[in-house]
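Asks: give me a model of this one.
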Amino acid sequence: MTHLFSELADLGWTTFFNAQLDLDELSTTAPVRVMAVHRNGLIVAGFGHERLISPFIANANDPETVATAGDWLLIDRETFQPQRLLDRKSLFKRRAAGSGRKTQLIAANVDTLFIVSSCNQDFNIARLERYLALAREAEVTPIIVLTKADLSDHTEDFVRPATKLLPDLLVEAVNAHDPESVAVLEPWCKTGQSVALVGSSGVGKSTLVNTLTGVEQITTQGIRADDDKGRHTTTGRAFHRLPTGGWLLDTPGMRELQLTDVKSGLEEVFADVADIAKACRFTNCRHEGEPDCAVRAAIDAGQLDEDRLKRWQKLVAEEARNTETLSQRRARDRSFGKMIKGVLKDKRRNN
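Replies: This is a model prediction of the structure:
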């Protein structure tokens with residue numbers, strides 16, 4: 001049993017998960033961690049080896065109980081069938097792209113989030129703010145990693161604005177091809193630590209994975225000459241073992257990151273705007289010219305950037321819309337439909 005838990009600690013097992021175990025369960029089940037997610041099942045590690053097991057969802061009515069990369073499961077010792085999903089200490093998710101409102105799980109039980117951008121046209125403050133909101137909501141440490149520093153003559157032009165996004169935010173500009181350059185990331189990659197990489201397609205995530213692991217595990221593609229961006233390479237989610245003892249999860253490039261259930265994360269990332277807004281005369285102030293608007297006064301005084309206000313307003317509205325439950329949407333749609341019918345009825349009556 002001691003050997004089992006020593007192996008689990010190497011995979012990221014902590015007292016948080018240990019407290020969830022029933023000793024009677026351990027006679028018939030064993031804890032394993034989801035190391036990769038495939039269409040036909042899950043690759044899990046623990047119990048002495050890795051194996052492919054069936055997909056698992058704890059509650060068919062709750063899509064967030066689907067086992068995802070980084071999750072811990074209890075599996076039957078004889079059949080290897082998953083029996084129970086342990087509670088998570090962190091979870092990254094997004095609203096899936098498209099017109100549907102399905103929640104897509106990205107990763108669970110991660111300690112650090114490497115938010116990867118690059119020192120070229122891909123650098124985008126609004127996109128970084130989205131990822132930071134995800135990290136703060138999940139209560140994990142965000143590190144902004146700016147790749148392709150070797151191709152830029154003015155890396156500070158990218159580092160400086162990124163650093164200002166959160167107090168004490170660490171920003172590292174690296175050459176993703178150079179092991180000595182990316183060594184600055186090693187403190188977050190020690191034994192038992194789990195790191196996830198997120199970023200849009202073509203920012204050099206696959207190159208960074210290959211350099212951090214020391215193995216050419218992922219095929220990389222060159223930069224397109226027309227827009228200075230790379231091509232998307234990663235198509236799945238899998239943990240990679242690091243020479244420093246930790247685990248690194250690469251994720252597919254995200255062309256669209258729709259936020260959901262990150263209200264507190266947004267409040268942290270935009271704490272400066274939210275704090276100023278509390279001084280507005282009206283609690284429902286839209287900051288569009290209402291009397292005694294503290295936000296407009298701060299903008300006029302040069303204390304707040306108007307573009308940052310607009311980004312905050314956009315993300316708050318998006319998060320509220322995406323977090324809205326199906327029943328709430330239906331009630332809102334019915335209310336809106338009744339209002340339209342009432343307006344048309346009054347118009348016909350007046351005519």
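
Asks: neighbours of residue 71, how many?
Replies: Neighbour count of residue 71, defined by other C-beta atoms under 10 Å: 27. (Glycine included, C-beta is placed from N, CA and C.)

Asks: do residue 63 as well
Replies: 14.

Asks: need the strands for the chain, in chain order.
Replies: 29-38, 41-46, 49-53, 72-76, 82-85, 91-95, 103-108, 112-118, 141-147, 170-173, 194-198, 237-241, 247-250 (DSSP state E).

Asks: contact partners of the longest one?
Replies: Think strand 29-38. In this structure, residues lying in contact with strand 29-38 by C-beta atoms under 8 Å, 6 or more residues apart in numbering are 4, 8, 11-13, 17, 21, 42-47, 50, 52-53, 67-77, 83-84, 86, 108-109, 236-239, 247.

Asks: how about low-confidence regions in this structure?
Replies: Counting by pLDDT under 70, the chain has low-confidence residues at 1-4, 95-101, 216-236, 252-258, 260, 325-351.

Asks: in contact with residue 151: list those residues for me.
Replies: Per C-beta under 8 Å, 6+ apart, neighbours of residue 151: 119, 120.

Asks: so it versus residue 120, what's the distance?
Replies: Using C-beta to C-beta, to the nearest Å, residue 151 is found at 7 Å from residue 120.

Asks: picking up where we left off before, pull out the buried members of the contacts of strand 29-38.
Replies: 8, 11-13, 17, 42-47, 53, 67-75, 83-84, 86, 108-109, 237-239, 247 (16 or more other C-beta atoms under 10 Å).

Asks: rewinding a little: save the strands of the chain as TSV, and put in distance to residue 302 too.
Replies: Supplementary listing: the strands of the chain in TSV, determined by distance: least, C-beta to C-beta, whole Å:
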stretch	distance to residue 302
strand 29-38	48
strand 41-46	53
strand 49-53	57
strand 72-76	50
strand 82-85	50
strand 91-95	35
strand 103-108	38
strand 112-118	27
strand 141-147	26
strand 170-173	24
strand 194-198	33
strand 237-241	44
strand 247-250	41
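
Asks: which stretch among these comes nearest residue 295?
Replies: When the strands of the chain are compared by C-beta to C-beta, strand 141-147 sits nearest residue 295, at 25.6 Å.

Asks: counting by contacts, list what that closest one packs against.
Replies: strand 112-118, helix 125-138, helix 156-163, strand 170-173, helix 205-213 (3 or more C-beta pairs under 8 Å, 6 or more residues apart in numbering; DSSP states H and E).

Asks: in this structure residue 171 contacts residue 142, no?
Replies: No - shown here, residue 171 and residue 142 do not form a contact pair, counting by C-beta atoms under 8 Å, at 9.9 Å.

Asks: what touches both of these two?
Replies: In contact with both residue 171 and residue 142: no residue, using C-beta under 8 Å, 6+ apart.

Asks: residue contacts, residue 73?
Replies: By C-beta under 8 Å, 6+ apart, residue 73 lies in contact with 31-34, 42, 44, 53, 56, 67, 82-86.

Asks: and if we set it to 7 Å?
Replies: Under the criterion of C-beta atoms under 7 Å, 6 or more residues apart in numbering, the contact list for residue 73 reads 32, 34, 44, 56, 67, 82, 84, 85.

Asks: try residue 126
Replies: residue 311.

Asks: quick one: it from residue 143, how far?
Replies: 19 Å.

Asks: again with residue 36
Replies: Applying C-beta to C-beta, the value for residue 36 to residue 143 is 23 Å.

Asks: swap in residue 276?
Replies: Residue 276 sits 28 Å away from residue 143, going by C-beta to C-beta.

Asks: give me the spatial nearest neighbour of residue 298, chain neighbours excluded.
Replies: residue 304 (4.1 Å; C-beta to C-beta, 6 or more residues apart in numbering).

Asks: isn't that neighbour right up against residue 276?
Replies: Yes - Residue 304 lies in contact with residue 276 (C-beta atoms under 7 Å); the separation is 6.3 Å.

Asks: shared neighbours, those two?
Replies: In contact with both residue 304 and residue 276: 295, 298, using C-beta under 7 Å, 6+ apart.

Asks: burial of the closest residue to residue 174 other than its chain neighbours, as a residue count?
Replies: Nearest residue to residue 174, sequence neighbours excluded (C-beta to C-beta, 6+ apart): residue 181, at 4.5 Å. Counted with other C-beta under 10 Å, the neighbours of residue 181 add up to 17.
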